[in-house]
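**Q** Whatever this is, show me its structure:
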Amino acid sequence: MRWILTTFYFLTSLFFCNALLAQEHIMPNGDFEGMKRTGVFKVTEIVNPLTVKLEDGRFVHLAGLNFADLDFYEPGDLSITAMHILDDFLKGKKVTLYQTKNPSKGRKTRMDHHIGHLVRTDNDIWVQGMLLSLGVARVRTTPYNPDMAKQMLSLENTARKAKSGMWDIEEHRVLSPKEAAKHIGSYQIVEGVVNTVSMRKNKLYLNFGKNWRDDFTIAISAFNLRKFTKQKLSPQQWNGKRLRVRGWIGSYNGPYMDIDHPERFEAIFEQKNTMQTSAEKPAAPAPKKQNQKPRKKDPGSALPVFND
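**A** Below is the predicted model of the structure:
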C-alpha cells in the first residue's frame, strides 16, 4: 500500500511542478522588507524537505515550515512529495537567501546550517510560500525566526480553506481543546475558547476547560510576556476569547503547550458570551421583564486578526 501512495504523491508532485512552470504568476512572491538579503547561490541537492545544499557547500534550513509526517529515517507521503517538488523546482537553479536581520541570533542552527527563506531568482517565487500554498507544509516559527509569519499563516489558511494537500486529510485538521489529549508528543494546531486566565509562579496560564488539572492549557512565562507587550497584545485579557495556537503538545496536568513568542497565536476572535475567570464571582441574574420580546442570539464579532 505504501508504494502505491508514494507513487501517487510522486505523480501528483510532478503535476504540481508542471503547473507551477505554466502558471508561475499565481504563486506567492513574498515581501522580505523586514529581512536581510544575504546572497545569491545555486542549489545542488535536496537533502530533505527542510534542507537544501548550495554549490559553495553550505546547507540551508528552510525557516518557518513544519511537515506533519517528517521522519528522517522513514518520511511520510507529504514529506516525500515536498522533496520531489523541491527537487524539480530548485535543483540546479539560483536562489536568493533572506535571513533575519539579527546577525548573532537566528541565522544558523546548532549543526551550523544556515536558516532562511529562499526565492528562485528567475521567477521570484518564494519557496516556503509555494509549499504552504500547495498544502504539503504548515507554519512553524521560532523565537529567533518569527519573520514572515503573517504572510505564511495567510497562505496556510487559504490552502486549508481550499482543502489543498494535507488539509483534505482528516488526521491533519485543526484540533479542538478536547482532542489535544490524544496528540500529546506532537506538533499541532489547536483552536478553542479560553475558560480561565491565571498567573502563578511567574507564568500565565490560559485554561480551555473547567478543570485546570486535566484540560488543555497554554503557558506563557513572564519573560516571554514582554514580547507580547511589544506587539501591544495582552494575553492576560484573553479570558473568553477564541484562540488558534500552534506548538508542541506536552503533558502537565493534561495536554499542555508552552508558548515562547506571539507568532504562535494565529488569531483572536471575540466571544460575546465571555466566561468568568477563576477569581471572579458570577454576576447575579438580571430581573425578568414582563412582555419583553426575545432577543436574537448574538453570533459574536471578530477582533482584528493578526498573523492571519
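**Q** quick one: contacts for the spatially closest residue to residue 165 that is not a sequence neighbour?
**A** Nearest non-adjacent residue to residue 165, counting by C-beta to C-beta, 6 or more residues apart in numbering: residue 135, 2.4 Å away. Quick note: C-beta positions are derived from backbone N, CA and C, even for glycine. For residue 135, the contacting residues are 159, 160, 162, 163, 164, 165, 166, 167, 168, by C-beta atoms under 8 Å, 6 or more residues apart in numbering.
**Q** ok, the fourth one - contacts?
**A** To tie it back to what came earlier, the one meant is residue 163. Neighbours of residue 163 in contact, by C-beta under 8 Å, 6+ apart: residue 135.
**Q** Also the third one?
**A** In this structure, residue 162 makes contact with residue 135, judged by C-beta under 8 Å, 6+ apart.
**Q** roughly how far apart are it and residue 168?
**A** Counting by C-beta to C-beta, to the nearest Å, the gap from residue 162 to residue 168 is 9 Å.
**Q** Let me see the domain layout of the protein.
**A** The chain breaks down by automatic domain parsing into domains covering 2-147, 174-269.
**Q** Just the buried residues out of the contacts of residue 135, in PyMOL syntax.
**A** Per 16 or more other C-beta atoms under 10 Å, the buried members of those correspond to this PyMOL selection:
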select buried, resi 159+160+164+165+166+167
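**Q** Could you tell me which of the contacts of residue 135 are located in helices?
**A** Among these, the ones falling in helices (DSSP state H) are 159, 160.
**Q** State the distance from residue 29 to residue 151.
**A** Note on residue 29: its distance to residue 151, by C-beta to C-beta, is 10 Å.
**Q** more crowded one of these two?
**A** residue 151 (21 against 14; other C-beta atoms under 10 Å).
**Q** Setting aside sequence neighbours, what's the nearest residue to the more buried one?
**A** Excluding its sequence neighbours, the residue lying closest to residue 151 (C-beta to C-beta, 6+ apart) is residue 30, at 6.1 Å.
**Q** tell me the phi and psi of that neighbour?
**A** As for residue 30, its main-chain torsions (degrees, to the nearest 10) stand at phi 90, psi 150.
**Q** Likewise for residue 87?
**A** Main-chain dihedrals, residue 87, degrees, to the nearest 10: phi -60, psi -50.
**Q** coming back round to it: may I have the predicted confidence score for the residue nearest to residue 165?
**A** pLDDT recorded at residue 135 is 96.
**Q** Would you indicate which residues of the longest strand along the chain are buried?
**A** Identified as the longest strand of the chain according to DSSP state E is strand 36-48. Using 16+ other C-beta under 10 Å as the test for burial, strand 36-48 gives 41, 43, 46, 48.
**Q** so which of the domains of the chain gets nearest residue 155?
**A** domain 2-147 (4.3 Å; C-beta to C-beta).
**Q** what about the closest one, distance to the chain center?
**A** What separates the centre of domain 2-147 from the centre of its chain is 15 Å, taken as C-alpha atoms, centre = their mean, to the nearest Å.
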